[in-house]
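Colleague: Quick one, structure for this:
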Amino acid sequence: MDGDTEITLGLLNAVQESSSVTQRIMANDLGIALGLANAYLKRCVRKGYIKVSQIPPNRYAYYLTPHGFSEKSRLTAEYLSSSFTFFRRARSQCEAGLDLCAARGWTRVALAGASELAEIATLCAAERPVTLVGLIDPTHAGNRYAGLPVTGAITDLQEHDAVLITDLRDPQGAYEWLSEMMPGERLMTPPLLGVLRDRPDPGSELDETS
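Modeller: Numbers count the residues shown, from 1 in each chain. Coordinates of the predicted model:
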């Protein structure tokens, strides 16, 4: 699901939950600028998804129209479908990465990046002869994520043989940062992250068909 569709669905959900919701609250909840929320809201009104009523003093109430309910249902189904597709690809590629580590005798693996991908990787690891020793993510250092201790630097990790990159925010940056501290062939990069490797190792960048 692209950003445009995600914002539209977020607005429709917000209006369904509360007719008195303000544009500022919508913007804050969606993590977008107030002006952008206003523009999307106006577009939803033009398309007939939302009806606006003015209530004193100078306040507005928003309601989903029948067309808006139908569109929200359609977008929700699209979101769930895309989420399931992501899960299937992520699981398959994490399994491939961990299987490759096991085949090479790299049984102590770390993750890099607190994300949904990291959570999926922990599920995959439970079914394989590898041990996840921790997770590297400076923004969550000192906490636990997906049941793993989080460190801010690779030097703070327990002994490890390889790293599976699970950073969804800046996977390329994570790869480049880590490649300065360990051999690139020991960095597993799931294809869905779109990481460009300077000297790709055929085994470390997993098969896109996974």
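
Colleague: in this protein, which spans are strands?
Modeller: 50-55, 59-64, 108-112, 131-136, 144-145, 148-151, 162-165, 187-188 (DSSP state E).

Colleague: looking just at contacts, which helices and strands does the lengthiest helix in the chain meet?
Modeller: For the chain, the helix that runs over the most residues, judged by DSSP state H, is helix 66-103. Packing partners of helix 66-103 (3 or more Cβ pairs under 8 Å, 6 or more residues apart in numbering; DSSP states H and E): helix 3-17, helix 116-125, strand 162-165, strand 187-188. Every residue, glycine included, has its C-beta placed from N, CA and C.

Colleague: so which of the ones you listed is the most packed in?
Modeller: With neighbours defined by mean count of other Cβ atoms under 10 Å, none of these is more surrounded on average than strand 162-165, at a mean of 27.

Colleague: got the CA positions of that one in CSV?
Modeller: Provided in CSV are the C-alpha atoms of strand 162-165 (Å, rounded to 0.1, in the frame of the first residue of the first chain):
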residue,chain,number,x,y,z
ALA,A,162,26.8,-13.1,11.0
VAL,A,163,24.2,-10.3,10.9
LEU,A,164,20.8,-10.4,9.2
ILE,A,165,19.8,-6.8,8.3
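
Colleague: List the strands paired with that strand, with their directions.
Modeller: strand 108-112 (parallel), strand 187-188 (parallel) (DSSP bridges).

Colleague: Give the closest residue to residue 173 in space, chain neighbours not counted.
Modeller: Spatial nearest neighbour of residue 173, excluding adjacent residues (Cβ to Cβ, 6 or more residues apart in numbering): residue 167 at 7.7 Å.

Colleague: can you check residue 179 too?
Modeller: Of all residues not flanking residue 179 in the chain, residue 187 sits nearest, at 6.1 Å (Cβ to Cβ, 6+ apart).

Colleague: again with residue 75
Modeller: Of all residues not flanking residue 75 in the chain, residue 9 sits nearest, at 4.3 Å (Cβ to Cβ, 6+ apart).

Colleague: Now do the contacts for that neighbour.
Modeller: Neighbouring residues of residue 9 by Cβ atoms under 8 Å, 6 or more residues apart in numbering: 1, 72, 75, 76, 79.

Colleague: same question, residue 44
Modeller: Residue 44 is in contact with 8, 11, 12, 50, 68, counting by Cβ under 8 Å, 6+ apart.
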